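Visitor: Next comes the sequence, and after it the predicted model I'd like to discuss.
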Amino acid sequence: MRAFTCDHCGHVVFFENTTCIHCQSTLAFVPELMRMAALSPSTTQEDVWVSTSQPQGQAQAHVRMCLNRNNQGAACNFTTALDGSQPYCVSCRQTRWLPNLNNPRNLLRTSKVENAKRYLFYTLACLKLTSLHGLRAPIFDFLEDLPGHLPIMTGHLNGTITLNVAEADDDERARRRLAMFEPYRTLLGHLRHESGHFFWDVLIDDTQWLQPFRRLFGDERQDYNLALQHHYARGPLGTVDWDPHHVSAYALAHPWEDWAETWAHYLHMMDLMETAASYHVQLRLPGHLASWPPIDDPFANPQLAFEHILQQCVPLTLMLNSLTRSLGQSDAYPFALSTGAVAKLKFIHEVVTAHRLQIAQQS
Ligand SMILES: [Zn+2]
Ligand SMILES: [Zn+2]
Ligand SMILES: [Zn+2]
């Protein structure tokens, strides 16, 4: 996620911000423009907001706030269509079920989950993979375990992503991460993984990519439930060195899980690179005399080769982990990419790049 600036005063602001802490301007993210805008109420139209400044080459934005802006359970800072046809923004309108919001705990949980979902939306939008680019979008059910009912399983089925909102509780998520011997478990990671299943259906199934997919990831027609049973019966594989072909231990479970794990990892990498590029990061590894050129924003140039992205990303993750260790925290990027995982990431990059170029040609 790139660092944004308040377009009224120029101060750095974050994606979640609703107000600029420097000039107190009201802020909202305009998904159609992919821009954070400082807004003031229109003097002529009710519920319409107008951007207080006009970036070069862009029209002054006239927008409505997402109806969830003042809803504690979503606390959304996205805008929505000016014509009033869509009361909810492009992210919120994809949520179908929420847990009982009369429970204050669920308000906090859903606000965290919806925030992670907006992060997911942002990266997908950078890759031209949203309804704004003519694609169908996943539906989201955010549910809680209830006494007397089957536990809510996080997963994807026929275009719907279900997430157990207990994953928003830090203690519960840490407990599950340790129980599964996972090095990494976050809300955003869950949503990125499940979006991988959704986009397998969109980008791979019944396309020219299906055979190359099978050559790399394996045949997805093998029995899914049986494969998962085998995976869990095998027990935890440990946190590292599970094998040279997969990005995570869970990726061994089934070709679909391998794809979804690799997809999530690809989104992590692209997001990291964009963040670093927006801060104009230029690296020189300790002990090396030559510095690399500044990190490229992979969303600005759809033609960047995956090898180039990887070459810039690996030292970036070393620095990132050094920074978090300096703060007494564990590694923010607890992964080491094997050659097999790199080949799969490269395949995903090729699939997504072909899609991006196709969308660019259409517009
Ligand atoms: Zn400001
Ligand atoms: Zn919204
Ligand atoms: Zn999965």
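Guide: Yep, it's here. Residues are numbered from 1 along each chain as shown. Ligands and ions are numbered 1, 2, ... in the order given.
Visitor: and the residue nearest to residue 344 when sequence neighbours are not counted, how many neighbours?
Guide: The shortest distance from residue 344 to any non-neighbouring residue, by C-beta to C-beta, 6 or more residues apart in numbering, is to residue 262 (4.6 Å). No exception for glycine: its C-beta is placed from N, CA and C like everyone else's. Neighbours of residue 262 under the rule other C-beta atoms under 10 Å: 27.
Visitor: The one 3 residues further on now?
Guide: The local packing of residue 265 (other C-beta under 10 Å) involves 24 other residues.
Visitor: Point out where this structure drops to low pLDDT.
Guide: Along the chain, the model assigns pLDDT under 70 to residues 55, 236-242.
Visitor: Next, see if the strand ranked longest in it gets close to ligand 1.
Guide: Longest strand in the chain, counting residues (DSSP state E): strand 35-41. No. Remark: strand 35-41 sits outside contact range of ligand 1, by C-beta under 5 Å from the ion, the gap being at least 6.0 Å.
Visitor: For that strand, which outside residues touch it?
Guide: When contacts are defined by C-beta atoms under 8 Å, 6 or more residues apart in numbering, strand 35-41 is touched by residues 4-9, 13, 15, 17, 20, 23, 25-30, 48-53, 55, 58, 61, 63, 79.
Visitor: In helices, which of these fall?
Guide: Among the contacts of strand 35-41, no member is found in helices (DSSP state H).
Visitor: Buried among those? Need that as a selection in PyMOL.
Guide: Buried subset of the contacts of strand 35-41, written as a PyMOL selection, criterion 16 or more other C-beta atoms under 10 Å:
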select buried, resi 4+5+6+7+8+13+15+17+20+25+26+27+28+29+30+48+49+50+51+52+53+61+63+79
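Visitor: Which of the contacts of strand 35-41 fall in strands?
Guide: 4-5, 13, 26-30, 49-51, 63, 79.
Visitor: got these as TSV, with distance to ligand 3 columns?
Guide: Formatted as TSV, the ones in strands among the contacts of strand 35-41 follow (distance: C-beta to the ion, whole Å):
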residue	distance to ligand 3
4	31
5	37
13	34
26	39
27	35
28	33
29	28
30	32
49	39
50	43
51	40
63	35
79	32
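Visitor: Look at the closest residue to ligand 3 within the stretch 201-350 of the chain and say how many residues are nearby.
Guide: Nearest residue of the stretch 201-350 of the chain to ligand 3: residue 260, at 4.3 Å (C-beta to the ion). By the other C-beta under 10 Å criterion, the neighbourhood of residue 260 contains 26 residues.
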